[in-house]
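> Structure here, sequence nowhere to be found:
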């Protein structure tokens with residue numbers, strides 16, 4: 001947990017996009033989504049992250065039989081990997097906790 005918190009803090013310093021800038025944050029920005037989901041791993045839930053969390057959870061894959069959890073997890077992982085500063089180990093933790101949730 002301590003390593004995750006340190007990695008998130010370093011990522012916050014490295015990201016040039018103001019991910020937690022309230023109205024300025026873009027819910028479609030993969031780095032903002034990554035930062036908010038990394039915060040959720042640690043138990044944080046700031047109101048500024050609601051749009052990013054909703055965007056992340058709106059990524060769903062289905063077929064005629066219904067929800068596909070593994071395909072959904074893969075699609076969510078691809079979205080987070082669009083952030084060049086995202087730590088791959090933290091992405092894996094996010095996906096293992098939130099990736100297969102139907103939401």
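Here it is on my side, so go on. Please read these numbers as outputs of a predicted model, since none were measured by experiment.

> If you count contacts, what does the helix or strand containing residue 93 end up packed against?
Residue 93 belongs to helix 88-94 when assigned by DSSP states H and E. Other elements packing on helix 88-94 under the criterion 3 or more Cβ pairs under 8 Å, 6 or more residues apart in numbering; DSSP states H and E are helix 2-14, helix 30-41, helix 69-80. Backbone N, C-alpha and C define where each C-beta goes, glycine included.

> Lowest average pLDDT across those helices?
With a mean of 50, helix 2-14 has the lowest mean pLDDT of the helices and strands packed on helix 88-94.

> Does residue 93 touch residue 42 like I think?
No: in this structure residue 93 lies outside contact range of residue 42 using Cβ atoms under 8 Å: 10.3 Å.

> Please identify which of those two sits among more neighbours.
Neighbours were tallied for residue 93 and for residue 42 using other Cβ atoms under 10 Å; the higher tally belongs to residue 93 (16 against 11).

> Tell me who's in contact with the closest residue in space to the more buried one that isn't next to it in sequence.
Closest residue to residue 93 apart from its sequence neighbours, by Cβ to Cβ, 6 or more residues apart in numbering: residue 41 at 5.8 Å. With contact set as Cβ atoms under 8 Å, 6 or more residues apart in numbering, residue 41 has these partners: 4, 90, 93-94, 97.
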